[in-house]
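S.K.: mind looking at a prediction? Sequence and model below.
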Amino acid sequence: MPFKRYVEIGRVALVNYGKDHGKLVVIVDVVDQNRALVDAPDMVRSQMNFKRLTLTDIKIDINKVPKKKTLIDAMEKADVKNKWENSSWGRKLIVQKRRASLDDFGRFKLMLAKIKKAGIVRQELAKLKKETSA
Amino acid sequence: MAAKRKTPVKSRNPDLIRGVGKYSRSKMYHKRGLWAIKAKHGGVFPRHDPQPKAPTAAEKPPKFYPADDVKKPLLNKRKPKPTKLRTSITPGTVLILLAGRFMGKRVVFLKQLFSGLLLVTGPFKINGVPLRRVNQSYVIATSTKVDISGVNVDKFDDKYFAKEVEKKKKKGKGEFFEAEKEDKKKLPEDKKEDQKAVDASLIKSIEGVPDLKAYLAARFSLKSGMKPHELAF
């Protein structure tokens, strides 16, 4: 099975460890075998070990180590934010974050909604079963 | 002694650092106006003769000298501070009770009493918790708030919840067996009326929020996978 996501300049990655956990960053240069120079619109350009990064499908068009403004413009042009938030991976993370920040009343309402949904599904299933058995 | 001032005077000599004032002795003499007092009294500082002391009664020698010297316990003038209410607890907050008969019940907080305990109510019709006192430490405050503006809680204080003192009955031998037949103490009618009065407007504001009534009726419990230190309340 060949690799599909490569470490290259412009590859968007997700930070999975450390202070910037959960942030999307762009690889702007490679330091050596283990480390990359990484930049994002809201952080200072810094080095990160590849072990801290998970590559995504998104790639933007930049030269080596662009200025911050150039980087931001390139990210706007490639529409990174919307592509990420519409991807299934990005949507999953958003839902996880929202579920974790629910308060006790929110969790109660979620439980009621789950029960309601399961009831509707079960009704439809029973209807279908009746039709096929009849 | 000279007449006392109505408000204590702030020091005219601000501290540069602890132990060192800004002004020297001669500057302070001028600032306090001692030169003006001296001038008013012709260059001499006024002296007051000691006021005549009230005659003290003649002390009698004590009747009894104890054989050993008994040490008196030290005087304790400590006054306990009023209990600080957590900032997350405001009138109308939904609290989760953590211990006692109503463990896990979600109740509405009304006010903090003088003793530091919290006054809460179920409301009684919704989850069976009456007007009750609860300690702040045995409670989780959620971020859900109920509108409590229609409720008057002024008449409730710690004395309202004091246990009624039973009259001591003289017990004969035969009455020990009869005493067990006494029925349970009934709740007086006025306390039931108080409960209804407090709950009436509360229930109206609770029914205005969807699902809130069912939420207060249900008990809280930890399920599999719930980590209390990661839960947001």
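M.R.: Arrived safely. Everything quoted here is computed from the prediction, not taken from an experiment.
S.K.: what residues does chain A put near chain B?
M.R.: Residues of chain A lying close to chain B by C-beta under 8 Å from any C-beta of the partner chain are A:100-105, A:108-109, A:112. Using the backbone N, CA and C atoms, a C-beta is placed for each residue, glycine as well.
S.K.: of these, which belong to helices?
M.R.: Among those, DSSP state H puts A:100, A:104-105, A:108-109, A:112 in helices.
S.K.: could you look up the SS state of A:Ile27?
M.R.: Following DSSP: H, G, I helix; E, B strand; the rest coil, A:Ile27 is assigned to strand.
S.K.: hmm, B:Ala232 and A:Leu102 touching each other?
M.R.: Yes: taking C-beta atoms under 8 Å as the definition, A:Leu102 is a contact partner of B:Ala232 at 6.7 Å.
S.K.: between those two, which is the more surrounded one?
M.R.: Taking other C-beta atoms under 10 Å in any protein chain shown, A:Leu102 and B:Ala232 do not tie; A:Leu102 has more neighbours (15 against 12).
S.K.: give the contact list for that one.
M.R.: A:Leu102 sits next to A:110, B:232 when contact means C-beta atoms under 8 Å, 6 or more residues apart in numbering or on different chains.
S.K.: for the residues of chain A next to chain B, which one is nearest B:Ile37?
M.R.: Nearest to B:Ile37, judged by C-beta to C-beta, of the residues of chain A next to chain B is A:Asp103 at 67.9 Å.
S.K.: got the residues of chain B near chain A?
M.R.: Residues of chain B lying close to chain A by C-beta under 8 Å from any C-beta are B:94, B:96, B:106, B:142-144, B:211-212, B:214-215, B:218, B:220, B:230-233.
S.K.: again, only using 10 Å
M.R.: B:94, B:96, B:106, B:140-145, B:209-212, B:214-216, B:218, B:220, B:223, B:226, B:230-233 (C-beta under 10 Å from any C-beta of the partner chain).
S.K.: now these: which count as buried?
M.R.: The neighbour count (16 or more other C-beta atoms under 10 Å in any protein chain shown) marks B:94, B:96, B:106, B:140-142, B:144, B:212, B:215-216, B:220, B:233 as buried among the residues of chain B next to chain A.
S.K.: could you identify the most distant pair in those?
M.R.: Largest separation among these by C-beta to C-beta: B:Ile140 and B:Leu212, giving 17.3 Å.
S.K.: got the buried residues for the top helix by length along chain B?
M.R.: When chain B is parsed with DSSP H, its longest helix is helix B:189-207. Neighbour counts over helix B:189-207 (16+ other C-beta under 10 Å) mark B:194-195, B:198-199, B:201-203, B:205-206 as buried.
S.K.: go on, stretch A:84-96?
M.R.: Buried residues in stretch A:84-96, defined by neighbour count with 16+ other C-beta under 10 Å: A:84, A:90.
S.K.: what lies in contact with it?
M.R.: The list of residues contacting stretch A:84-96 from outside it, by C-beta atoms under 10 Å, 6 or more residues apart in numbering or on different chains, reads A:12, A:14, A:22, A:24, A:54, A:56-58, A:79, A:81-83.
S.K.: nearest to chain B, of those residues?
M.R.: Of all those, chain B sits closest to A:Gly22, with 15.2 Å by C-beta to the nearest C-beta.
S.K.: need the three-state assignment for the closest one.
M.R.: What three-state DSSP gives for A:Gly22 is coil.
S.K.: my read: it touches A:Leu14, true?
M.R.: Yes: with contact defined as C-beta atoms under 10 Å, A:Gly22 counts as touching A:Leu14 (7.3 Å).
S.K.: in terms of neighbours, single out the busier of the two.
M.R.: A:Leu14 (20 against 10).
S.K.: wait, is the more buried one part of a helix?
M.R.: No: with three-state DSSP as the criterion, A:Leu14 is strand rather than part of a helix.
S.K.: so it touches A:Val38, yeah?
M.R.: No: using C-beta under 10 Å, A:Leu14 is not in contact with A:Val38; the gap is 11.2 Å.
S.K.: shared neighbours of these two, anything?
M.R.: Residues touching both A:Leu14 and A:Val38 (C-beta under 10 Å, 6+ apart): A:20, A:23, A:25, A:52-53.
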